[in-house]
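> Provided below are the primary sequence and the corresponding predicted coordinates.
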Amino acid sequence: MNALVAESRISEALDLGEKAVRLRAVKDNWPVRKVQKQGGNELYFFRDLLPLDVQASLVVRSSVTGAGLPAVIHDRPVPGRSNKIGLAKYNLVHSFRLAKKRAGWGEKNRAAADFLLAYNTGALMAGIFAVVGPIRERTLDALDKRLRDHDDNYLCLCDGRGGWKKHGTTKYKARKLTEQAKEVFLKCYLSQERPTVMMAIRAARITLEKADRPEHCDDSTWRRWLRDYETYNAGIICLARDGMKAYKDKFVPYISRDSELLEVGQCLVADGKILNFNILHPITGRPCRMTLIVFFDWKSRYPVGWQILPTENQWGILAAFRNAVVTLGRYPDSVYLDNGKAFKSKLFQGDGRDLDFEEMTGLYARVGTAVMFAQPYNGRAKVVERFFRTFQWQVEPFMPSFCGDSIQTKPAHMHRNEKYHQALHEARTQGWIPNIREASVIIDRYVQWYAQQYHRGMKATPAERLLLNRGPGVDAHQLTHDFLVPVDIHVRRGRAILWGIEYESDAFHNMASNLLLKARVNDADMRTIWCYTTDGIYLGEAYPVQACHPLATLFGDQVSIDRVTHEIKRQAGIVKNAKKQLEALGITKNSPDSLNILSFAAIKEKTPILPARANGKKQKQIAAPVSEQKAKQLEQIIQKAEAEKTEVPVIARPKYWNSDLEHYEWVFRLVYEHGQSPDADDQAFYNEFQTLPEYNNYRQRFEDLKLVYKL
């Protein structure tokens with residue numbers, strides 16, 4: 001039977017009204033069939049019996065049906081891609097038929113060849129060519145025969161892959177793997193060593209062969225089954241191969257927290273991040289990746305306090321927390337901290353078993369700040385991690401010393417044998433690596449810029465949120481007192497050593513040797529420490545020991561002499577106070593000896609060992625006069641000492657240098673430490689070395705040494 005085409009479809013194809021189509025059908029005597037439908041009847045015409053110009057104008061749609069045919073294929077929706085291919089082939093076959101019908105007698109083969117030439121070049125029916133692609137004449141003849149055998153139903157030309165023609169579904173049919181093969185394959189693939197799919201297939205085959213149950217399926221069958229399994233079990237695969245952390249980060253549901261319920265300063269989130277660019281170490285002078293510690297206000301998204309240190313330790317956290325308090329203008333209500341060792345230091349947490357004055361609750365408790373700790377290895381709980389990722393995108397790649405955090409992110413000039421990129425990097429940066437001071441300036445400017453950026457989630461900038469609810473400010477003296485660090489010190493002979501600095505105080509005198517005391521220290525200003533007993537009783541302040549000139553009278557200036565005189569008077573005063581304390585106890589030279597009460601300790605007359613006195617008075621001894629020769633010898637000694645005082649010491653010049661830096665440092669110390677002038681060659685080398693690029697790595701160090709030598 002021929003396919004039926006609705007009257008409305010012909011009207012649309014010819015761009016005519018339905019009445020005009022009916023008039024032409026009556027005039028040309030088109031075969032027609034009346035089909036009853038809801039609301040009336042509709043006329044259907046046989047497609048192959050229509051005039052050729054009408055057939056050529058028809059655009060094949062899904063409304064083309066088999067004329068009352070029973071469904072030869074499942075009554076299920078045809079997959080979109082298969083339906084598109086089927087309609088394209090249907091149009092191509094009918095266009096091929098029309099091309100041969102229009103040809104005269106004996107010209108049909110030539111017409112078919114011309115049609116295929118125009119189609120396969122893409123000049124004819126370009127839209128269909130993009131879907132079907134190039135085709136041969138015998139393939140078109142086979143499609144034409146299949147279409148005629150199925151009563152012109154285009155569904156027979158649809159792509160049948162996927163099993164939808166056989167079992168009425170677009171899903172793949174079950175794989176030809178046995179349950180035992182699936183189980184063995186999963187055990188091989190779901191391993192924390194993360195084997196490849198091919199290695200898991202080979203291991204599964206060997207295991208099944210040893211169990212006398214070989215599996216003969218192709219490797220592609222195993223791969224397709226694994227792809228089907230992964231569709232609904234991706235989380236299980238991730239847990240088995242990548243671990244619990246990756247599973248939690250990718251598949252475990254997360255908790256949404258509403259920061260709008262908080263207030264500015266109500267919660268600070270703190271964590272540390274290893275920077276992905278190098279900074280010069282303040283002690284060794286070598287490039288290293290330092291740690292950035294940040295206190296992040298949850299409400300305003302503002303990094304209120306931060307600090308750079310070589311490693312994450314309690315002193316850096318203390319400095320960052322102090323900066324956060326200054327920025328907020330008040331102490332925060334709570335802090336949400338990382339679970340690291342430095343954040344859990346006794347300095348902040350304290351120990352309930354150590355009942356010394358205020359330290360048992362730590363720094364946070366002293367300032368009225370509650371503490372919460374995040375779970376270990378749970379970065380999702382800390383919102384500051386999102387700031388670290390933004391910092392990693394916006395700042396670190398643009399630093400000249402950027403080094404990346406892995407092999408994949410390492411810049412090209414750091415790879416081996418990348419001479420071109422190494423030369424390009426050297427030309428652009430001149431080998432410049434920032435020190436801590438320069439890196440701090442860069443990060444400070446970035447924080448100020450970041451605070452002015454609009455956040456879509458807050459519908460405001462962090463600076464606007466912070467300024468609206470900022471505190472009134474904290475008194476500087478109270479802030480310093482609150483952030484004093486409690487440390488232990490041991491007193492020996494009136495002095496105590498703390499971090500290599502020797503301190504002394506009048507309060508230390510008369511104390512037992514190696515006595516344990518408590519001290520409060522401002523790590524930013526070590527000029528004074530405040531001393532307490534272990535019971536919290538305040539003793540006084542201690543100051544660094546200032547050494548005196550060993551021969552102030554002969555070679556020192558007036559300041560050195562006054563300093564020695566002050567120390568001598570101070571010692572005399574301490575001795576005098578000790579005597580007064582002894583007299584206060586009733587022990588004087590006139591008081592009787594308390595031990596005389598013992599029977600074996602009777603008082604006896606003792607023979608004096610001092611010489612006899614004349615007239616009851618002690619005779620004064622007059623020093624013997626010095627001879628003239630002895631006086632000349634003493635005068636020569638004084639003159640020699642004065643000459644040695646004014647004599648300039650001779651600095652020996654080494655015969656060779658291990659490096660140019662060692663040579664430069666020797667000339668530098670000769671000029672600034674000893675105050676002498678180098679020779680012409682050394683002066684020329686000194687000036688030339690300062691122009692080299694490598695000098696930039698040591699410039700700040702020598703500038704600091706100049707200030708030290710001027711003191």
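Nice, I can see it.
> can you give me the helices in the stretch 1-150 of the chain?
7-14, 18-28, 52-57, 80-102, 108-120, 126-132, 137-149 (DSSP state H, counting those that start in this stretch).
> of all the ones you listed, which lies closest to His281?
Distance to His281, taken as Cβ to Cβ, is lowest for helix 80-102 among the helices of the stretch 1-150 of the chain, at 62.0 Å. In this view, the C-beta of every residue, glycine as well, is placed from N, C-alpha and C.
> Any buried residues in the closest one, and which?
82-83, 85-99 (16 or more other Cβ atoms under 10 Å).
> hang on, the earlier thing: Throw the helices of the stretch 1-150 of the chain into TSV and include mean pLDDT and distance to Gly540, thanks.
Formatted as TSV, the helices of the stretch 1-150 of the chain follow (pLDDT from 0 to 100; distance: least, Cβ to Cβ, whole Å):
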stretch	mean pLDDT	distance to Gly540
helix 7-14	77	105
helix 18-28	83	112
helix 52-57	73	110
helix 80-102	87	88
helix 108-120	90	103
helix 126-132	89	93
helix 137-149	89	105
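> got a list of what Arg136 touches?
Taking Cβ atoms under 8 Å, 6 or more residues apart in numbering, we find Arg136 in contact with Leu116.
> Which parts of this structure belong to which domain?
4-167, 179-250, 260-399+434-468, 484-544, 552-581, 660-710 (automatic domain parsing).
> Make CSV out of the helices of the stretch 1-150 of the chain and add distance to Lys518.
What follows is the helices of the stretch 1-150 of the chain, written out as CSV (distance: least, Cβ to Cβ, whole Å):
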stretch, distance to Lys518
helix 7-14, 97
helix 18-28, 104
helix 52-57, 102
helix 80-102, 79
helix 108-120, 95
helix 126-132, 85
helix 137-149, 96
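> which SS class is Gly431?
coil (DSSP: H, G, I helix; E, B strand; the rest coil).
> List the contacts of it.
Here Gly431 is in contact with 693-694, 696-697 (Cβ under 8 Å, 6+ apart).
> That one and Glu688, how far apart?
Look at Gly431 and Glu688: by Cβ to Cβ, to the nearest Å, they are 17 Å apart.
> Of all the domains of the chain, which one comes closest to His415?
Using Cβ to Cβ, the nearest of the domains of the chain to His415 is domain 260-399+434-468, at 16.0 Å.
> taking the mean pLDDT, what do you get for the closest one?
The pLDDT scores in domain 260-399+434-468 average 81.
> How far away from the center of its chain is that domain?
What separates the centre of domain 260-399+434-468 from the centre of its chain is 13 Å, taken as Cα atoms, centre = their mean, to the nearest Å.
> now the end-to-end length of it.
One end of domain 260-399+434-468 to the other measures 14 Å (Cα to Cα, to the nearest Å).
> which phi and psi does Thr409 have?
phi -100, psi 0 (degrees, to the nearest 10).
> What number of residues are in the vicinity of it?
By other Cβ atoms under 10 Å, 13 other residues sit near Thr409.
> ok, now how distant is it from His415?
In terms of Cβ to Cβ, Thr409 sits 12 Å off from His415.
> In terms of helices and strands, where is Thr311?
Remark: Thr311 resides in no helix or strand, with elements defined by DSSP states H and E.
> can you tell me how far it sits from Phe296?
For Thr311, the distance to Phe296 - Cβ to Cβ - is 20 Å.
> Looking at these two, which is more packed in?
Phe296 (26 against 11).
> Who does that one form a beta bridge with?
Val269, Pro303 (DSSP bridges).
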